[in-house]
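*Asks:* quick one, fold the following:
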Amino acid sequence: MTKKPTIDIDAFVDALETGYRQWNAPIITFIANRGATPFEVLVSTLLSLRTKDEVTGPAAMRLFEKAKTPEAMIRIGSEVIAKLIYPVGFYPTKANRIVEISRILLDQYQGKVPDNLDELTKLPGVGRKTANLVLVEGYKIPAVCVDTHVHRISNRIGYVTTRTPDQTEMALRKKLPKRHWIRYNELLVAFGQTVCRPVSPFCSKCPVAETCPKIGVDRHR
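*Replies:* Down below sits the predicted model:
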């Protein structure tokens, strides 16, 4: 039986850094790189849940043209927010959630988004994935943000062996060198959206195809 190749994580990240120039940045990274505040990053991340990037980006821009702060979100109210962010997934619920979080930030955090995981996850609707992404993109604080792409690819390359994104986060926290934490999510999301697709990935275009064990890949292009 032929032994599967083992991924060198430093070489893997370096290869993705090189290939990244050909891929579109994830929408939250794109928004953050345009000078977004931590609050705008938080709101954009909430909008992006169960919503495609091509919908999230324009919706966030429409909203931020009218309101960029917790005070402004409360002033325009959830009905206006819902109209501005449509057609993001669950837009009425997200509009109410944005107003609710804005009030909490003003009442308990002097209007500022917390810069630590425990406080962020106290906010309604903010799970670990969202909180970690806010730390990375809003504050440039090293954190391990695991979405479906990071979970899938980390297992596909054999770097971790886990069943859920939460398990993947904990495994990566123990194993992934901290120097890669900030970039890991951004790189793998871009890679997963364009090359390392869930079904029939483009291994012919992959910069790490020769060393990837392709765990769980039944067919590829």
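*Asks:* test for you: state the pLDDT assigned to Pro5.
*Replies:* Reported pLDDT at Pro5 in the predicted model: 59.
*Asks:* center of this protein - which residue?
*Replies:* What sits nearest the mean C-alpha location of the chain, by C-alpha atoms, centre = their mean, is Leu133, with 5.4 Å.
*Asks:* for Leu49, see how far away that one is.
*Replies:* For Leu133, the distance to Leu49 equals 11 Å [C-beta to C-beta, to the nearest Å]. (Glycine included, C-beta is placed from N, CA and C.)
*Asks:* just after the biggest helix by length in the chain, pick out the following helix or strand.
*Replies:* In the chain, assigned by DSSP state H, the helix with the most residues is helix 91-108. Toward the C-terminus, helix 91-108 is succeeded by helix 117-120 as the next helix or strand (DSSP states H and E).
*Asks:* that next one packs against which elements?
*Replies:* Using 3 or more C-beta pairs under 8 Å, 6 or more residues apart in numbering; DSSP states H and E, the elements in contact with helix 117-120 are helix 128-133.
*Asks:* got the CA coordinates for the helix it packs on in PDB?
*Replies:* Extracted in PDB, the C-alpha atoms of helix 128-133 (Å, rounded to 0.1, in the frame of the first residue of the first chain):
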ATOM      1  CA  ARG A 128     -16.900  31.400  17.600                       C
ATOM      2  CA  LYS A 129     -16.400  31.600  13.800                       C
ATOM      3  CA  THR A 130     -17.800  35.200  13.700                       C
ATOM      4  CA  ALA A 131     -15.900  36.200  16.800                       C
ATOM      5  CA  ASN A 132     -12.600  34.900  15.500                       C
ATOM      6  CA  LEU A 133     -13.100  36.500  12.100                       C
END
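*Asks:* which strands and helices sit next to it?
*Replies:* helix 38-48, helix 117-120, helix 165-175.
*Asks:* pick the most deeply packed of those.
*Replies:* The highest average neighbour count among the helices and strands packed on helix 128-133, using mean count of other C-beta atoms under 10 Å, belongs to helix 38-48 at a mean of 25.
*Asks:* and that one, average pLDDT?
*Replies:* 98.
*Asks:* between that helix and helix 91-108, how many degrees?
*Replies:* Between helix 38-48 and helix 91-108, the angle comes out at 150 degrees (axes from the mean of the first three to the mean of the last three C-alpha atoms, to 10 degrees).
*Asks:* and the following helix or strand past helix 38-48, what's buried?
*Replies:* For helix 38-48, the succeeding helix or strand toward the C-terminus, using DSSP H and E, is helix 53-66. Neighbour-count burial for helix 53-66, counted by 16 or more other C-beta atoms under 10 Å, picks out Asp53, Val55, Thr56, Gly57, Ala59, Ala60, Leu63, Phe64.
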